[in-house]
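Chemist: Here's a sequence, model it:
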Amino acid sequence: VGIVRYLAENLSCPVTVKVRLLSTPGGDEAWEDSLALYERLVDAGAAMICFHGRTRLQKGSVTGAADWDAMKSVVERLGRRVPVLVNGGIATLDDVRECLAYTGADGVVSSESVLEYPPLFTETQTCKVGGKRTG
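Modeler: Predicted coordinates:
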């Protein structure tokens with residue numbers, strides 16, 4: 001929070017932050033702590049939040065599904081104050097549309113999926129069947 005405050009006060013460009021769900025030492029989601037942190041980041045001067053709907057422990061073979069309900073909660077809590085982008089579970093253009101409609105986010109971010117499938121954000125008639133892109 002201190003770094004965001006310092007940057008926001010000393011830079012002439014907006015400061016943005018990408019965050020994940022916090023987790024407890026046992027690996028469970030620490031949802032209220034997460035929301036409190038995101039609010040403090042905005043209070044400190046973050047001009048936009050990019051929220052990844054997974055914890056830092058959800059990587060590699062234990063990635064699991066992104067939590068779109070959590071994404072929606074972040075948008076509901078902070079979306080009136082700053083733009084909120086969401087990240088996680090975006091593999092097709094249909095996912096983009098569904099995620100935006102469900103969460104109310106201002107936009108989506110994709111990393112691995114767009115590297116695997118560069119035309120992800122174009123209309124290619126690609127759909128997802130059994131979790132895999134086809135078409």
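
Chemist: now the strands for the chain?
Modeler: 16-21, 48-55, 84-87, 107-109, 127-129, 132-134 (DSSP state E).

Chemist: shouldn't residue 86 be in contact with residue 75?
Modeler: Yes. With contact defined as CB atoms under 8 Å, residue 86 reaches residue 75; the gap is 7.4 Å. Just so you know, the C-beta spots here come from the backbone N, C-alpha and C atoms, and that holds for glycine as well.

Chemist: Who has more neighbours out of those two?
Modeler: Just comparing residue 86 and residue 75: by other CB atoms under 10 Å the higher neighbour count belongs to residue 86, 28 against 22.

Chemist: So in terms of bridging, what pairs with that one?
Modeler: residue 51, residue 108 (DSSP bridges).

Chemist: Could you pull up the residues touching it?
Modeler: 50-53, 68, 71, 74-75, 99, 103, 105, 107-109 (CB atoms under 8 Å, 6 or more residues apart in numbering).

Chemist: which among the residues you listed end up buried?
Modeler: Using 16 or more other CB atoms under 10 Å as the burial test, these include 50-53, 68, 71, 74-75, 99, 103, 105, 108 as buried.

Chemist: Buried residues in stretch 103-122, which are they?
Modeler: For stretch 103-122, using 16+ other CB under 10 Å, the buried residues are 103, 105-106, 108, 110, 113, 117, 120.

Chemist: Which members of these occur in helices, if any?
Modeler: 103, 113 (DSSP state H).

Chemist: Closest to residue 43 out of the buried residues of stretch 103-122?
Modeler: residue 106 (19.2 Å; CB to CB).

Chemist: would you turn the strands of the chain into TSV with mean pLDDT?
Modeler: What follows is those, written out as TSV (pLDDT from 0 to 100):
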stretch	mean pLDDT
strand 16-21	93
strand 48-55	91
strand 84-87	95
strand 107-109	93
strand 127-129	60
strand 132-134	59
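
Chemist: Need the residues touching each of residue 86 and residue 75.
Modeler: 103, 105.

Chemist: which secondary structure elements does the longest helix seen in the chain contact?
Modeler: Assignment by DSSP H gives helix 31-43 as the longest helix of the chain. The contact analysis (3 or more CB pairs under 8 Å, 6 or more residues apart in numbering; DSSP states H and E) places helix 31-43 against strand 16-21, strand 48-55, helix 68-78.
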